[in-house]
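S.K.: what follows is a predicted structure for the sequence shown.
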Amino acid sequence: HIKGMSLEMGSPFLPCRTRSGLLVAKAHSLRMWLKDSPFCLDLERGLVPAFKEITERLGVIGPKKFSRLAMLSDERRDKVITTDIEGRKEKLEKNEEKRWACEDGEGQ
């Protein structure tokens, strides 16, 4: 049903005989189709700045974590990222303390 609707909209997706549910598209056709899409404008306004902020502050993260962060408001995303960074620092400090404790214990 989705494939039929997307073809009616001038979609670049090719009919696929597999039952996996995957939609197949040629990269150039998909780019051109998305370029003219109003959804693409929304991506440029919202997702691109979010992507830049997330990757600058957290580096490379998994797709699930990224999608959760990208869907948050700017203010909420800032709080979550800050909390994540603080949590990482605390975890590093605890691991460092454990390492020193182990090394001290071995020397005795």
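M.R.: Perfect, I can see it now.
S.K.: packing partners of the helix of greatest length in the chain?
M.R.: Determined from DSSP state H, the single longest helix within the chain is helix 74-107. Packed against helix 74-107 by the contact rule (3 or more CB pairs under 8 Å, 6 or more residues apart in numbering; DSSP states H and E) you find helix 48-58, helix 63-70. (C-beta placed from N, C-alpha, C; glycine too.)
S.K.: I81 is nearest to which of those helices?
M.R.: Closest to I81 of those, according to CB to CB: helix 48-58, at 5.2 Å.
S.K.: now the closest one: mean pLDDT?
M.R.: For helix 48-58, the mean pLDDT works out to 89.
S.K.: and the angle from it to helix 63-70?
M.R.: 120 degrees (axes from the mean of the first three to the mean of the last three CA atoms, to 10 degrees).
S.K.: touching helix 48-58 from outside, list them.
M.R.: Applying CB atoms under 8 Å, 6 or more residues apart in numbering, the external contacts of helix 48-58 come out as 61, 66, 69-70, 74, 77, 81, 84-85.
S.K.: rerun at 7 Å
M.R.: Applying CB atoms under 7 Å, 6 or more residues apart in numbering, the external contacts of helix 48-58 come out as 61, 66, 69-70, 77, 81, 84-85.
S.K.: check those residues and tell me the two furthest apart.
M.R.: Longest span within those, CB to CB: A70 and I85, 17.1 Å.
S.K.: neighbour count winner among those two?
M.R.: Set A70 next to I85 and count neighbours by other CB atoms under 10 Å: A70 wins out with 15 against 12.
S.K.: that one contacts G46, doesn't it?
M.R.: No. With contact defined as CB atoms under 7 Å, A70 does not count as touching G46 (8.0 Å).
S.K.: sounds good, over and out.
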